[in-house]
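Novice: 3D, please:
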Amino acid sequence: MERPLTPRERDVLDALLAVEFDGVTELRRQARAATVVGGCSCGCPSIDFVTEPGAGLHVRVNAAIRGTDDELFLYTVDGRLGGIEYVGVSDTADPSELPDPALLILEPV
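Specialist: Predicted coordinates for the structure are as follows:
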């Protein structure tokens, strides 16, 4: 299922990588060539950039979503850009795409 990022996915990834943390420069480099290789089977907008998202997973940036109780986070796998995980905790159904980056409240981990 490998595919290019949608414009919204690219915008969210860029927003998450705008936060300064150790190793972000290398992740920004990797992001330029990132493709989506998988996603969550539940229908939420989570995306994976590697095929083994659970191996050596490390959360790098958390993001609350203004106006909701939902969140998302950027993670790496063994130092490589791993994916964006959407965490829906509100009573509404998960959206079909990632939120507008302007709604993100970013916090490096």
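Novice: can you pull out the strands in the protein?
Specialist: All strands of the chain, identified by DSSP state E, fall at 38-39, 47-48, 57-65, 71-77, 80-87, 104-108.
Novice: which parts of the fifth one are buried?
Specialist: Of the residues in strand 80-87, those buried by neighbour count under the rule 16 or more other CB atoms under 10 Å are 81-87. In this view, the C-beta of every residue, glycine as well, is placed from N, C-alpha and C.
Novice: who are the packing partners of that strand?
Specialist: helix 7-16, helix 24-32, strand 47-48, strand 71-77 (3 or more CB pairs under 8 Å, 6 or more residues apart in numbering; DSSP states H and E).
Novice: CA atoms of it as CSV?
Specialist: Provided in CSV are the C-alpha atoms of strand 80-87 (Å, rounded to 0.1, in the frame of the first residue of the first chain):
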residue,chain,number,x,y,z
ARG,A,80,14.0,6.3,11.8
LEU,A,81,10.8,8.3,11.1
GLY,A,82,8.1,5.8,12.2
GLY,A,83,4.7,7.4,11.8
ILE,A,84,1.9,9.6,13.1
GLU,A,85,-0.5,7.9,15.5
TYR,A,86,-4.0,9.4,16.0
VAL,A,87,-5.5,8.9,19.5
